[in-house]
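Visitor: Quick one, fold the following:
(chains A, B, C and D)
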Number of protein chains: 2
Amino acid sequence: MGIAERKEREKTERRQAILAAAQQLFNEQGFEKVSMRNIAEAIEYSPATIYLYFKDKNELLFALQNQAFGQLAQAFESVFSIQHPAERLRAVGHKYLEFAFEHPELFELMFIMTGPMEAVEARGEAAPWASGRAAFDRVVQVMQQGMDAGVFRCPNSESAALMVWSQVHGLAALFLRKRLMIFPDDRRHALMDEAMNLFTQVLKHGL
Amino acid sequence: MGIAERKEREKTERRQAILAAAQQLFNEQGFEKVSMRNIAEAIEYSPATIYLYFKDKNELLFALQNQAFGQLAQAFESVFSIQHPAERLRAVGHKYLEFAFEHPELFELMFIMTGPMEAVEARGEAAPWASGRAAFDRVVQVMQQGMDAGVFRCPNSESAALMVWSQVHGLAALFLRKRLMIFPDDRRHALMDEAMNLFTQVLKHGL
DNA sequence: CCAAGATATGAACACCGTTCACTATATTTG
DNA sequence: CAAATATAGTGAACGGTGTTCATATCTTGG
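Guide: The predicted structure is shown next:
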C-alpha cells in the first residue's frame, strides 16, 4: 500500500510545516503574536485547516514545547565532558541561563506559558510530560555524579536538582518578566552575575 | 470649595470600587477571567467607563499589583521579630512561598503577568516600580542584618538578596505554572520541602 | 434658566480561538 | 469508465477580548 504510506508521510509533513511556521513566528514576532490566524497566514492555509492537524492551540503549543525541551537537553549535553562535578554543575546553570537569554520565546514556552501544560493535563497520561522530565533528569544526573564522587553531600539527587533548577529558573524568570527593573540598567547584569557567583560559592562553603 | 473636594473624593471612591471589583474577580475567578467587560459588569457600569479612571488595562493591573506588593511587604513584617539572622532569613523564604500558595492570583500579578510591567515601562519614571522595590528591600535588609551580625559572609547584601529571592521565586513559579508535574502527585510537596530545607542547609555549611 | 463641563454609554473596530456546513478533489468500488 | 465514497480544505459565523469615539445625560456655576 504505497499510497497510504505517501498519505501518511504528507500528513506529517504538513504537520511539521505548521510547527515550523509557528516556531518561526515565535522567534521573529514573539509569543504574543503567535495566533492560529497568523500561523495559517504564514503557511497560506485557512485557520480551520490547522485543526485537522492539531486538536487545539494548546496541543500545537505542546508539540512546540517538546521540541524546545529537546533543544535544551541538547544544550546540556556538552557539560558532561567537564571533569570536576562542581564545575560541571556550574556549567549546567550557565547553559540554562544562556538558553533563556538567547531563546526567550522558547523559555516562555517551556516554563511560563500555561497553554502547553493544559494540553498535558487534558491528555492525562500515566507518565505525562516526558520531554520536561528528560531535561530535568540531566540535572539529576549531574547531582548524582557529584554525590557518587563524594563532592556533594546531600540526601537526595532529585531534591538537590530541584534546588539548583529553581535557583537558575528564578533568576531567568524574574529577568525575562522584567521584574529586575527594580535595579538600574547598568547594574542589572552585574547583579545577576554576582547572585550566580554567590550561589556557586555558597554551594562550596556556605554563606 | 467643598464641592470640588467632594467630586475629588467621589472620583477616587469610584476608582477604588473598580479596583475592588477587579481584585474580587481575581481571587474568585482567576486572572484569566479578569476582563474589562467582567469588571464593568461587576460594578454595573459600561466597559467604556473604566477608561475614565484608568488609561488602559495595564494601568489597572499596575494599580492592583501595587496593592499586592503592599500585602506581601506586610506579610514580611512579622519576621523582624525573629532574633537569629539565619532563622529570620528562613522565615522570609517561608513567608514568600506561603504567600504564593495562598494567593496564587496575586503572585501572578506581582511576578508573572506582563501587563503591569508594560504600564511601568510606559510611565518611564526615574525611579520606576517603587512597590516592587520596597518589597525586595525587606529581603536586602534581612541580608544586611545577617552580615552586620557576622553570620552571613557575602560581599553584597543586594546580590545575596537576589540569590535568595530567585531561589524561592523559582520554586513557587515552577509549581504555580504546573512545571512540577514531572513529579508524582504524592511526592511533589515533599520534594519542594526537601529542596527548601537543603537550601537553608547549604547556606549554613555548603553542599 | 441657560451654557458649560463632567460623566456615562452604545456601537463599532480589529483582533482572538473555535466550530461547522459546505465544496472540491482524490481514491476506491461496482 | 462511471458512480460512490473518503479526504482535504475553507468561508462564515459565534462568542470572546481591549479599546475608541460620537452621542447623550446629568450637574453646576454664572
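Visitor: give the contact list for the residue sitting nearest the centre point of chain A.
Guide: By C-alpha atoms, centre = their mean, the mean C-alpha position of chain A lies nearest to residue A:110, the distance being 4.0 Å. Neighbour list for residue A:110: A:65, A:68, A:69, A:72, A:132 [criterion: C-beta atoms under 8 Å, 6 or more residues apart in numbering or on different chains]. Quick note: C-beta positions are derived from backbone N, CA and C, even for glycine.
Visitor: what does residue A:66 give?
Guide: If you count contacts by C-beta under 8 Å, 6+ apart, residue A:66 has them with residue A:131.
Visitor: Okay, and it sits in which element?
Guide: helix A:57-77 (DSSP states H and E).
Visitor: Quick one: mean pLDDT for that helix?
Guide: Averaging pLDDT along helix A:57-77 gives 97.
Visitor: Downstream of that helix, the next helix or strand is which one?
Guide: Next along the chain after helix A:57-77, taking DSSP H and E as the criterion, comes helix A:85-102.
Visitor: The helix or strand following that next one near DNA strand C anywhere?
Guide: Per DSSP H and E, the first helix or strand lying C-terminal to helix A:85-102 is helix A:104-107. No - Helix A:104-107 lies apart from DNA strand C when judged by C-beta under 7 Å from any atom of the strand; the minimum separation is 14.7 Å.
Visitor: what helices or strands is helix A:104-107 leaning on?
Guide: helix A:2-29, helix A:57-77, helix A:85-102, helix A:157-176 (3 or more C-beta pairs under 8 Å, 6 or more residues apart in numbering or on different chains; DSSP states H and E).
Visitor: what's near enough to touch residue A:152?
Guide: By C-beta under 8 Å, 6+ apart, the contact list for residue A:152 reads A:85, A:86, A:89, A:143, A:146, A:160, B:207.
Visitor: Try it again at 10 Å.
Guide: Counting by C-beta atoms under 10 Å, 6 or more residues apart in numbering or on different chains, residue A:152 makes contact with A:85-86, A:89, A:142-146, A:160, A:203, B:202, B:206-207.
Visitor: PyMOL command for the buried members of those?
Guide: Here is the PyMOL command that selects the buried residues among these (16 or more other C-beta atoms under 10 Å in any protein chain shown):
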select buried, (chain A and resi 85+86+89+142+143+144+145+146+160+203) or (chain B and resi 202+207)
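Visitor: mind putting the contacts of residue A:152 in TSV, distance to residue B:19 and pLDDT included?
Guide: Formatted as TSV, those follow (distance: C-beta to C-beta, whole Å; pLDDT from 0 to 100):
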residue	distance to residue B:19	pLDDT
A:85	51	96
A:86	49	96
A:89	45	98
A:142	47	98
A:143	45	98
A:144	50	98
A:145	52	97
A:146	49	97
A:160	43	98
A:203	43	96
B:202	41	97
B:206	46	88
B:207	45	81
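Visitor: Closest to residue A:36 out of the contacts of residue A:152?
Guide: Nearest to residue A:36 among these is residue A:142, at 39.0 Å by C-beta to C-beta.
Visitor: what separates the worst-scoring helix or strand of chain A on mean pLDDT from the chain centre, distance-wise?
Guide: Least confident helix or strand, chain A: helix A:2-29 with a mean of 87, by mean pLDDT, DSSP states H and E. Here helix A:2-29 is found 21 Å from its chain centre; the criterion is C-alpha atoms, centre = their mean, to the nearest Å.
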